[in-house]
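Asks: take this sequence and fold it.
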Amino acid sequence: MSDTQGSDEEEADGLRKIIHVDMDAFFASVEQRDNPELRGKPVAVGGSSGRGVVAAASYEARKFGVRSAMPSVTAKRLCPDLIFCKSRFDVYREVSQQIRAIFRHHTDLVEPLSLDEAYLDVTEDKLGIGSATRIAELIRQEIRAKTKLTASAGVSYNKFLAKLASDQNKPDGLCVIRPGEGAEFVQALPVRRFHGVGPKGAEKMDRLGIETGADLAAKDIEWLRAHFGSFADYLYRAARGIDLRPVRSSRIRKSVGGERTFSRDLSSGSELRDTMEDIIDIVWGYIERAEAKGRTVTLKMKYTDFQIFSRAKTVDRPIESKEEFAAIGRALLEEVLPLPMPIRLMGLTLSKLQRDGEDEPSRPDAQLSLL
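Replies: As a prediction, this is how the structure comes out:
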């Protein structure tokens, strides 16, 4: 690629060497590794019952449209031959520790995002290899040799570009975005590929005539602020391949949560209780993936008039079981029933997160992680 912008290189904070490693269909791949009969077949990790939720899907299942956070009933309808496996988070954590040990062999600047992905800053690597591309190749080889699993990696000079690159050649792929190529690479992508631009954001951009990074880059900051508010600064930089965030090995999340927007407004207690069970399953999966422990559970609702209501409960010790998390979520829902009007959205969040062994909550200025 040619350097048509220049600004991405100039803003790259010393041209760091950043790798983003993302395991390929991690949970499902572990199940296929440990059970040869599952190899080459569509597999979903999660409950197969009527109210079950898919925690992860193999690539064979994804070809049918099966994805994480999808109700199991829907997944089975899309893929009648889908095989469900019960999640084994103890095993996933053990494999994750093996992978992180490989990362730390090359650098101490490792920022885990979840059990199956992390950023690495190898600007100064421990082994003196010097080439981030070579280090990424070695890491992928070492992961395959030690875990019998595959990983995809993206290499670039900032976190935003490295993450985009790791998605580019999945599964079992490597992509490198070199200095001077960032803006051109980003502007050729659909904006829905940008981290932080969810389905609703992509729909809004589509209505505004923004489909690609180039379309976004054509808008000035004033226009973006008028349409996207505080999100505008991020979008302006993203469209130019700019990201100055450092890799933080001590990164602490503020919260882990999830929410569901309904296809129709809900008000009946029975429907809301059923929906709460789905949300509990989805959010607890996020919590386990993020290895999070927290003390506050917050229920969020958005009424049909778009007013947002929340209610929270804080306990003395970190919540460590799904049963305790579920009980608090259910209790919060019962406290607000019956509702004064129907709602269009409901969600649960776990916050006041702590490190293992801490007695005090994480510091208030910790970096926010949205899952």
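
Asks: so which strand or helix has Leu224?
Replies: Per DSSP states H and E, Leu224 falls inside helix 221-228.

Asks: just the helices in the stretch 151-300 of the chain please.
Replies: Using DSSP state H, counting those that start in this stretch, the helices of the stretch 151-300 of the chain run over residues 159-168, 182-187, 199-207, 213-217, 221-228, 232-238, 269-289.

Asks: Pro246: which of the ones you listed is closest?
Replies: With respect to Pro246, and counting by Cβ to Cβ, the nearest of the helices of the stretch 151-300 of the chain is helix 159-168 at 8.4 Å. Every residue, glycine included, has its C-beta placed from N, CA and C.

Asks: hmm, who's touching that closest one?
Replies: Where contact means Cβ atoms under 8 Å, 6 or more residues apart in numbering, the residues beyond helix 159-168 that reach it are 18-22, 117, 119, 152-156, 175-177, 182, 185-186, 189, 193-195, 238, 241-243, 245, 247.

Asks: try stretch 144-155
Replies: 17-24, 26, 29-30, 33, 95, 98-99, 102, 132-133, 136, 139-140, 143, 161-177.

Asks: redo that, cut-off 6 Å
Replies: If you take Cβ atoms under 6 Å, 6 or more residues apart in numbering as the criterion, stretch 144-155 is touched by 19-24, 29, 33, 95, 98, 132-133, 136, 140, 143, 162, 165-166, 170-176.

Asks: kindly report the same for stretch 219-228.
Replies: For stretch 219-228, contacts defined as Cβ under 6 Å, 6+ apart pick out 232, 235-236.

Asks: hmm, back to that, of the contacts of helix 159-168, buried ones?
Replies: 18-22, 117, 119, 152-156, 175-177, 182, 185-186, 189, 194, 238, 241-243, 247 (16 or more other Cβ atoms under 10 Å).

Asks: ok, Asp125 - how many residues close by?
Replies: When neighbours are defined as other Cβ atoms under 10 Å, Asp125 has 21 of them.

Asks: ok, it to Glu60 distance?
Replies: 36 Å (Cβ to Cβ, to the nearest Å).

Asks: ditto for Ala28
Replies: For Ala28, the distance to Glu60 - Cβ to Cβ - is 9 Å.

Asks: so Arg100 sits in a helix?
Replies: Yes: with DSSP: H, G, I helix; E, B strand; the rest coil as the criterion, Arg100 is assigned to a helix.

Asks: and it, how many neighbours?
Replies: If you count neighbours by other Cβ under 10 Å, Arg100 ends up with 15.

Asks: measure it to Ser114 for me?
Replies: Taking Cβ to Cβ, one finds Arg100 at 11 Å from Ser114.

Asks: what do you get for Leu345?
Replies: Going from Leu345 to Ser114 by Cβ to Cβ gives 24 Å.

Asks: what's the answer for Ala290, then?
Replies: Remark: distance between Ala290 and Ser114 (Cβ to Cβ) = 5 Å.

Asks: with Phe309 instead?
Replies: Applying Cβ to Cβ to Phe309 and Ser114 gives a distance of 29 Å.

Asks: among the two, which residue is more densely surrounded?
Replies: Comparing Phe309 with Ser114 by other Cβ under 10 Å, the one with more neighbours is Ser114, at 19 against 13.

Asks: show the pLDDT at that one.
Replies: Ser114 carries a pLDDT score of 91 in this model.

Asks: could you check the angle helix 159-168 makes with the strand or helix carrying Glu142?
Replies: Under DSSP H and E, the secondary-structure element containing Glu142 is helix 132-147. Interaxial angle, helix 132-147 versus helix 159-168 (axes from the mean of the first three to the mean of the last three Cα atoms, to 10 degrees): 50 degrees.

Asks: tell me which residues of helix 132-147 come out buried.
Replies: For helix 132-147, by 16+ other Cβ under 10 Å, it's 132-133, 135-136, 138-140, 142-143, 147.

Asks: now render those as JSON lines, adding distance to Ser255 and pLDDT.
Replies: Shown next, in JSON lines, are the buried residues of helix 132-147 (distance: Cβ to Cβ, whole Å; pLDDT from 0 to 100):
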{"residue": "Ala132", "distance to Ser255": "32", "pLDDT": "98"}
{"residue": "Thr133", "distance to Ser255": "35", "pLDDT": "98"}
{"residue": "Ile135", "distance to Ser255": "32", "pLDDT": "98"}
{"residue": "Ala136", "distance to Ser255": "31", "pLDDT": "98"}
{"residue": "Leu138", "distance to Ser255": "35", "pLDDT": "98"}
{"residue": "Ile139", "distance to Ser255": "30", "pLDDT": "99"}
{"residue": "Arg140", "distance to Ser255": "32", "pLDDT": "99"}
{"residue": "Glu142", "distance to Ser255": "33", "pLDDT": "98"}
{"residue": "Ile143", "distance to Ser255": "30", "pLDDT": "99"}
{"residue": "Thr147", "distance to Ser255": "30", "pLDDT": "98"}
